[in-house]
Structures are given as structure tokens and as C-alpha cells.
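Peer 1: Provided below for reference: sequence and predicted model.
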Amino acid sequence: MILALQEWLAAQVRAVARDSFGAELGHVAVQYPPKIELGDIALTAPFDLAKTLRRKPRDIAEALAPALAKLPGIRRAAVAGGGYVNLFLDRGRFARDLAGALAAKSAAAAVPGSVVVEHTSINPNKAAHIGHVRNATLGDTFVRVLRARGRTVGVQNYIDDTGVQVADVVVGFLYMEGKSQAEVEAIPGKFDYYCWELYARVGDFYAASPENKARQAEVLHAIEEGGNDVARLAEHVAERIVVCHLATMRRLDIRYELLAHERDVLRLHFWDRAFELLKQSGALRLETDGKNAGCWVLTMAGEAEGDADRIDEDKIIVRSNGTVTYTGKDIAYQLWKLGRLDRDFNYRRHSTDDSGHLVWTTTSGPGEPGAPAFGHATSAFNVIDVGQSYPQRVVKAGVAALGYVAEAENSHHLGYEKVVLSPATARALGYSVGEDDAIVKVSGRKGLGVKADDLIDALIAKAESEIELRDAERDAVARRRDATAIAVGALRYFLLKFGRSKIITFDMEEALAFVGETGPYIQNGVVRARNIFAKLVADGQDPARLRERALGLDLAALLEGEEGDEVWTLLLLIARSEEAMELSVRSEEVAPLAKHAFAVAQAFHSYYQKPRYSILHAESDDLRAFRAFVVDTFIRQMEALLGVLGIPVPDRM
RNA sequence: GCGCCCGUAGCUCAAUUGGAUAGAGCGUCGGCCUCCGAAGCCGAAGGUUACAAGUUCGAUUCUUGUCGGGCGCACCA
């Protein structure tokens, strides 16, 4: 509702500027004064007009203010600072509109087209670690925001089941442990943990002799070839690990619509088709001499047009031996995502989780009927670490080179920095750390890192002991359930509060914190707010009637004065949630939304903590109704926000 | 060498994308449980936004340069 208000306001400001000065305004920024006394909404239009009109911003503001003050829903307009026009809103009307919008759970208008988001995409050869969880949490949250803002989104998890990493573990099973497929299948317990340890030892095995190292290429070749025992073992390993990954992510409420397998990209000849297209269009060039002789290369034009002397090196897409690089396969996959490859996968049902959510998988065998339409999206987001920026740029350039300029434009790389370990945490995990090391890099190859399931377990254990401290009577099932919700909230918020370009130094103690700027702090606000309503009901009050009564009150009057100002600050912040989500979509960054949720919780905590604003002990029925209305509004918005952040709300905490 | 990212309070991070007196959390110090739950609240101390120029009404934000740190630039994935 606040976005509609802003849009309307912007149009009014443009009209007033036209009437007063005959000037045309482009974008009209709607901001917020640093202090509530200065006004509710700040306009910077006078500064923009000052440039073209060659007059002082302040004079322009003085001229605009009276006309703006006359607008409906605006109480008055004041000129402040160097030339701001600050508007004071009709608070009662605003509050009523906000409550109406929240009660209606009014969804954002549907945006035409569809979006594919690819995230997680962990090599299926070991357990997921904290870095993978950052990827999945970021991707999943972005998907939730997109959906909240009206996009139709399909989530894909790319399974690189024919790559060297899977091959390495297969080498481990076959040549280090001498296991048959039956023996591998018989391995009990957490298979992803087993492979984690095994994978960490393969490096040493390769280093021991050239013969050992030669096994890697041998196995990789057999896997790519398919239809043999080695490939079947690889298939088993990858599939079983994927099941582990899905289970781990499910704990964090992260789901997928499709598991896209690299094996099927190969078997269904996606690349062959893409190669034809790229050759036809002249996007790829066969080098006849020089260091790249015999290779098909893609010319990477400089970022800026006409920047001829800044042309990057050509990127090899097809090697001189005729095999395609990873980047080439990725171009084919990207073309398919965007509906520009006249090939499709076959699909079959993969599994249904405990919530009833169905995941499909690609297959090169016969497909099952009933699959929804995958791919063919108008835009695609690839959640991949920032180290992959260059290959991602190549993929984009490949799409563009085919003449699909819009599609390339709509290919987004949602890059994020890595997660490293604090020395303390690395030591606690038993790794030797140098005295002057500020950080320790995780390394799947060395088995160095915090496994996702271990971390979640530790968080749940911590939450359980915290619950034990305050609520010893709580039965085991409920305690476990709430501890899990707290753990998930803590972990997701911890990973979301950092901007994408920030390296996260993971420290166990910090991640286990439940106080301060954390998920549990936000959850606590909602739990306690709900508790107030529970007490009201226990007191014989009817929340629905309180709400009814509140809407019949003179809200404008109640939103004045000391308590009124404080409530108003909270309501305005709540209303800005819609704006925060939209900003999150536009900036492709979810951290500000997480911070916003925290800010709302903080404003609420500050308000309801004060005994003089008590609801149960309110001085009058009207005041009780008014305050209940505020709490109700907070709960509704917070439930929506936490839903978008994927943070559950415990019953008690 | 070229490209990208980062540098803001003791520590970890924000800053509405060029706006008003740069804000939070942790930590430190001091208060608040006869008061809807203290996983909370209130207050204090803490800043030359790495440095230097420039652009303009206005710069943490844009430009250039310098310094420091990270990553990328494979016929690996």
C-alpha cells in the first residue's frame, strides 16, 4: 500500500512542478526525514528542480509546499533544511489503509513472465558445508522475495553428476577402498559424511603416484561415456548424496522444483545443438593458428562499447581434442533456461518431502506425464559464488553472441563471497591454525569446514538448553520443535544479514548467539506479541471485537502525542516492509530486507516493553483496543516478513 | 600485468543507491524483573568513513591517483 501511495505522490509532485514552474520531473524520490518531528515523508524534488531552473532549492520548496499541502491524505507540508519539502500525513487514514492491506493479505500484482532461479548446485560428492548453506539460503530467500513481489519462479538445483569431484570419490571407492557397488550401497549411516572423509583423502592418493592420478581421468571418461559399471557407481554416489543434500536443506525449509542433471545435458545433446547454433551465428570461431589452434573460441568484447583496445582474451569453448568445456555446457543450459534451445529434458518425479512438496528431476530416459513446464523463463538468476564471475560473464556473452540480447540482459549472476572460518572455530574443529592467521579457508578437498548438519545440530542443542533454562516443564516434543525453529531462525538470519559481497568469517560462538541482532530476537518479538493476545483471550476479551472497536476510534487523535508518535513510528516502519521487499528485488540483495525485519522488531520491542503502554492494564477500553490494534498490525506484518525470510516462529521461547 | 570485490566505532556490519546531526549488534561502563516474558528495555563512552585530490547546493556513496587485503584472468570444474 505504501508503494501505491508513493507512486500517486510522485505523480502529484510532477503535476505541481509542471503547474508552478512548467518543469518536467523525472524520477521523484520519496524519502524519510531523520526525525519524526520533521515530517513523515521527505521530497527532494526541489534539489532536482534547482538544477534546471537555476534557482535556490529552498525557494522552490517554498513554492511547492502550499500546493502539496492541499493534497488529500496530507495534513501539511513544511520546508526544511536546504530545500526539502516534508509532508505530514493523515496518520489515522494511513493506519486504517495499512491495517486493511494487511488484513486482506493483499498479494502483489502478478508480473508477467517467469523466472528461473538456480541455487545450491553442490557437487554431489560430499556433505554440504556452511558455504553451501549460504548459497542455498541466499537463493531460497531471493526466491521468496520474488514470489512475494508477484513473480512466477521456478527453482532449479543443478547436479554436476559427471564432473571430476564425483569422479574423485568414485576413485576413492574403487581404488583406495576396493569396494564393489554392492558394498558401497551397503554403507550405513550418513553417506555424505562418509564421502566427506573419503574425498579428503583422495588428494593424498593422487599425490602418491602418477598411476593413482591417472585413475581420475580414466574414471571421469567412463562416467561421461555412460553405460558401464563405473558410471553406474558414480550415478549411485551422486544420487545418494543429492538425497542427503535435499534432507539437509529441507531442515532449513529450502525446496526445489527441479533437479537438473548434467548427465542429461550431455545425453540429450544440449551442447551439440547449442554448438550448431553458435557456429551458425558465427559466435564461435575456429582458431587455425596461434596458441589456440584447433579450438573453438568465443570472443569476449570489452564491457563498454567502442572500447576497442580493451578486448579480453578469447575464451576457449571447445578444446582442440573436440571436447566441450564446462562453460560451453553452461551456455547450453542457460539457453535452455531462457527458452532459446529447441531441445528439452525428459522429466520424472524424484521425491516428495514430508510437507508434500514434489521435486522433479530431469532424465534422459523416458519421462513421466504430468510434469509442469520447466525452463522457458523470461529471466534467470544464477546463485553462484563470486569466484565464478568470469565464467558467468562468458555464459552471458555466449547468449548475447547468438543475438539474444534481451535474454543476455535478463541473465543475472547472483554472486556472493565465500564463508571462511575464524581461527577459534577452526581450532575447535581440530585443525592446526597459524598464530598470525586471521581467517582459515574452508576446503572440501581437504575436508576442512563446518558441515551443515553438524552446525544445525549444534544450534538446536544450544536452543534446547536455553529453553531448559527458562521453561523446564516443557515437554520434549514441543521443546525440540521450538528449538529447531530457533536454530533455523538463527542460522538463516546470520547468513542473510551480510551483504553478498562481504566475506563471512564464520565463528561458532557468534553463530550460536541468540541475543542482539539475530533471528531469535525477531522471533521473540512475535512470540511475545502473540502471547499478549493469548492473555487477552484468557482474560475474556475477543480480539476480533477489539479490532472492530479500534477501527471505529479516532485514530488520528490517538496517533498524536508521546505514545501516538511512538506508535506512528512503528506503523510507518511496518508499512515500509513492502518498499523493503521491492528494493530487495531491484537491488538483487536480501540483506536489507533482513535488516528491515530486525528494525521492525526492534521498534516493537521498544514500544511494548514500556509498562505505561500496557494492553492488559490499559487505562480505558478504547486505549486497550488501540494498542491491541497496533500489536495485531505488527504480528500480521511480521508473519509476512518472516515468511519471506524463511524464518519460522516458535510457539514459545 | 589486467579485471572485479573489500577498507566506516575496540570487534562484526548498516547507511533509503548523491541528501538532513554516519546508525545497529557485540564488547565496556551504569541503570530496569512488585510492571502483558529480562532471548528484553533505558542510558553513557566510542568516528579525520584507509589516504590525497577532483566533480556540486551537498560525497561513506561518483571520478582519478596512492596504500593495504582478498579473488579472478586454464584446452579444471
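Peer 2: On my side now, so go ahead. Numbers count the residues shown, from 1 in each chain, chains lettered A, B, ... in the order given.
Peer 1: got a list of contacts for the helix or strand residue A:154 falls within?
Peer 2: The secondary structure element spanning residue A:154 is strand A:152-159 (assigned by DSSP states H and E). With contact meaning CB atoms under 8 Å, 6 or more residues apart in numbering, strand A:152-159 is reached by A:110-111, A:113-121, A:124, A:139-140, A:143, A:146-147, A:238, A:242, A:245, A:255-262, A:333, A:337, A:374-375, A:377. Yep, even glycine has a C-beta here, placed from its N, CA and C like the rest.
Peer 1: again with stretch A:586-595
Peer 2: A:138, A:141-142, A:145, A:381, A:412, A:414, A:493, A:496-500, A:580-581, A:583-584, A:641, A:644-645.
Peer 1: now residue A:467: closest residue in space that isn't a chain neighbour?
Peer 2: Spatially, and ignoring its direct neighbours in sequence, residue A:467 is nearest to residue A:479 (5.2 Å; CB to CB, 6 or more residues apart in numbering).
Peer 1: buried subset of the contacts of strand A:152-159?
Peer 2: A:114-121, A:124, A:139-140, A:143, A:146, A:238, A:242, A:245, A:255-262, A:333, A:337, A:374-375, A:377 (16 or more other CB atoms under 10 Å).
Peer 1: strands of the stretch 451-600 of chain A, start to end?
Peer 2: A:504-506 (DSSP state E, counting those that start in this stretch).
Peer 1: pull up the residues of it that are close to RNA strand B.
Peer 2: A:463, A:466-467, A:470-471, A:482, A:486, A:497-499, A:501-505, A:513-518, A:520-521, A:524, A:527-528, A:531-532, A:535, A:583, A:587, A:589, A:591-592, A:595, A:598 (CB under 7 Å from any atom of the strand).
Peer 1: in helices, which of those residues appear?
Peer 2: A:463, A:466-467, A:470, A:482, A:486, A:520-521, A:524, A:527-528, A:531-532, A:535, A:583, A:587, A:591-592, A:595, A:598 (DSSP state H).
Peer 1: just the buried ones among the residues you listed, please.
Peer 2: Buried among these by 16+ other CB under 10 Å: A:463, A:466-467, A:482, A:486, A:520-521, A:524, A:527-528, A:532, A:591-592, A:595, A:598.
Peer 1: which one of those residues sits closest to residue A:625?
Peer 2: Within those, the smallest distance to residue A:625 is 13.2 Å, found for residue A:532 (CB to CB).
Peer 1: pop the domain breakdown of chain A in here.
Peer 2: A:2-89, A:116-418, A:423-511, A:519-645 (automatic domain parsing).
Peer 1: I'd like the ones you listed as JSON lines, with distance to residue A:105 and mean pLDDT appended.
Peer 2: Formatted as JSON lines, the domains of chain A follow (distance: least, CB to CB, whole Å; pLDDT from 0 to 100):
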{"stretch": "domain A:2-89", "distance to residue A:105": "16", "mean pLDDT": "94"}
{"stretch": "domain A:116-418", "distance to residue A:105": "11", "mean pLDDT": "93"}
{"stretch": "domain A:423-511", "distance to residue A:105": "22", "mean pLDDT": "92"}
{"stretch": "domain A:519-645", "distance to residue A:105": "8", "mean pLDDT": "96"}
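Peer 1: could you find the closest non-adjacent residue to the residue of the stretch 101-250 of chain A found nearest RNA strand B?
Peer 2: The minimum distance from the stretch 101-250 of chain A to RNA strand B, using CB to the nearest atom of the strand, falls at residue A:163 (3.4 Å). Leaving aside its chain neighbours, residue A:163 sits nearest to residue A:123 (6.4 Å; criterion: CB to CB, 6+ apart).
Peer 1: for the one you found, phi and psi?
Peer 2: Dihedral angles of residue A:123 (phi, psi; degrees, to the nearest 10) stand at phi -60, psi 130.
Peer 1: go on, the one 3 residues further on?
Peer 2: Its backbone dihedrals place residue A:126 at phi -170, psi 170, with angles given as degrees, to the nearest 10.
Peer 1: what's the separation between it and residue A:197?
Peer 2: Separation of residue A:126 from residue A:197 (CB to CB, to the nearest Å) stands at 9 Å.
Peer 1: if you count surrounding residues, which of those two has more?
Peer 2: residue A:126 (30 against 12; other CB atoms under 10 Å).
Peer 1: relative to residue A:201, how far out is the more buried one?
Peer 2: Distance check for residue A:126 against residue A:201: by CB to CB, it reads 12 Å.
Peer 1: picking that back up, is it true that the residue nearest to residue A:163 touches residue A:160?
Peer 2: Yes. At 5.6 Å, residue A:123 counts as touching residue A:160 under the criterion of CB atoms under 8 Å.
Peer 1: so what's residue A:531 up against?
Peer 2: Shown in contact with residue A:531 (CB under 8 Å, 6+ apart): residue A:652.
Peer 1: now do residue A:212
Peer 2: Applying CB under 8 Å, 6+ apart, the residues near residue A:212 are A:175, A:205, A:206.
Peer 1: next, give phi and psi for the second one.
Peer 2: In this case it means residue A:205. Dihedral angles of residue A:205 (phi, psi; degrees, to the nearest 10) stand at phi -60, psi -40.
Peer 1: contacting residues for it?
Peer 2: A:171, A:172, A:175, A:176, A:212.
Peer 1: ranges for the helices of the stretch 351-500 of chain A?
Peer 2: Taking DSSP state H, counting those that start in this stretch, the helices of the stretch 351-500 of chain A run over residues A:389-401, A:405-409, A:423-428, A:452-470, A:476-496.
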